[in-house]
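Asker: here is my input; please provide its structure:
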Amino acid sequence: MRALGREARQPARVYFTGGASAVLYGWRASTVDVDLRITPEEDAVFRSIPRLKEELHVNVELASPADFIPVVEGWEDRSPFVDRQGTLSFHHFELVAQALAKIQRGHAQDRADVEAMLARGLVTRDGLVAYFSRIEADLYRFPALDAPTFRSAVDEAVARS
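Answerer: Below is the predicted model of the structure:
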């Protein structure tokens, strides 16, 4: 965060997703990469990422739930604040969207992350179902998604104790 904050020339928001959120919230000790979304796109920050990846020995991916599932308008306002460095404000991408993207992906680590988010009260079972209901009609915009399979995965995730 400090390194990116030093590079930024314009105000922008950086949204953490996945492993970065897991590490910052404390349910994982490490992550193999840092997934980011930057809005508005800040050229100086984007140009610095390849160099910072090498200097800091970290893999950076430009990815967020919005790349894989529909997200509900206003997600930015529901994205928890992390820190401010220079002109950059750092946030976790909306946590319910993160959890649903993990449910959709379905890897073992993703399932464990969703369980950790539920256990910590960062998301709720009712919240996951409600959010899915709000995005279900827009799933057609993501041709790789199979809506019935995704719904089954959500139902299974919220049914686990």
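Asker: give the buried residues for the one helix or strand residue 4 maps to.
Answerer: Here residue 4, judged by DSSP states H and E, is contained in helix 2-7. Residues 4-5, 7 are the ones in helix 2-7 that count as buried (16 or more other CB atoms under 10 Å). Any C-beta I mention is one placed from the backbone N, CA and C, and that applies to glycine too.
Asker: what of stretch 147-161?
Answerer: Quick answer for stretch 147-161 (16+ other CB under 10 Å): 150, 153-154, 157-158.
Asker: now the element after the helix holding residue 4, going C-ward?
Answerer: For helix 2-7, the succeeding helix or strand toward the C-terminus, using DSSP H and E, is strand 12-17.
Asker: contacting residues around that following strand?
Answerer: 1, 4, 24, 34-42, 45, 63-65, 76, 79, 82, 87-93, 98, 101 (CB atoms under 8 Å, 6 or more residues apart in numbering).
Asker: what's next to the next helix or strand after it, contact-wise?
Answerer: Under the assignment DSSP H and E, the closest C-terminal helix or strand after strand 12-17 is helix 19-25. The contact list for helix 19-25, computed with CB under 8 Å, 6+ apart, reads 16, 28-36, 82, 92-93, 95, 98, 113, 116, 120, 122.
Asker: can you tell me which of the residues you listed are buried?
Answerer: When the contacts of helix 19-25 are checked for burial by 16+ other CB under 10 Å, the buried set is 16, 28, 31, 34-36, 82, 92-93, 95, 98, 113, 116, 122.
Asker: now, which of the contacts of helix 19-25 lie within strands?
Answerer: Of the contacts of helix 19-25, the ones assigned to strands by DSSP state E are 16, 33-36, 82, 92.
Asker: farthest-separated two in these?
Answerer: 33 and 82 (17.2 Å; CB to CB).
Asker: one step back: pLDDT and distance to residue 50 for the ones in strands among the contacts of helix 19-25 - can I get that in JSON lines?
Answerer: Listed next are the ones in strands among the contacts of helix 19-25 as JSON lines, based on pLDDT from 0 to 100; distance: CB to CB, whole Å:
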{"residue": "16", "pLDDT": "97", "distance to residue 50": "19"}
{"residue": "33", "pLDDT": "91", "distance to residue 50": "14"}
{"residue": "34", "pLDDT": "94", "distance to residue 50": "13"}
{"residue": "35", "pLDDT": "95", "distance to residue 50": "16"}
{"residue": "36", "pLDDT": "95", "distance to residue 50": "13"}
{"residue": "82", "pLDDT": "98", "distance to residue 50": "23"}
{"residue": "92", "pLDDT": "98", "distance to residue 50": "24"}
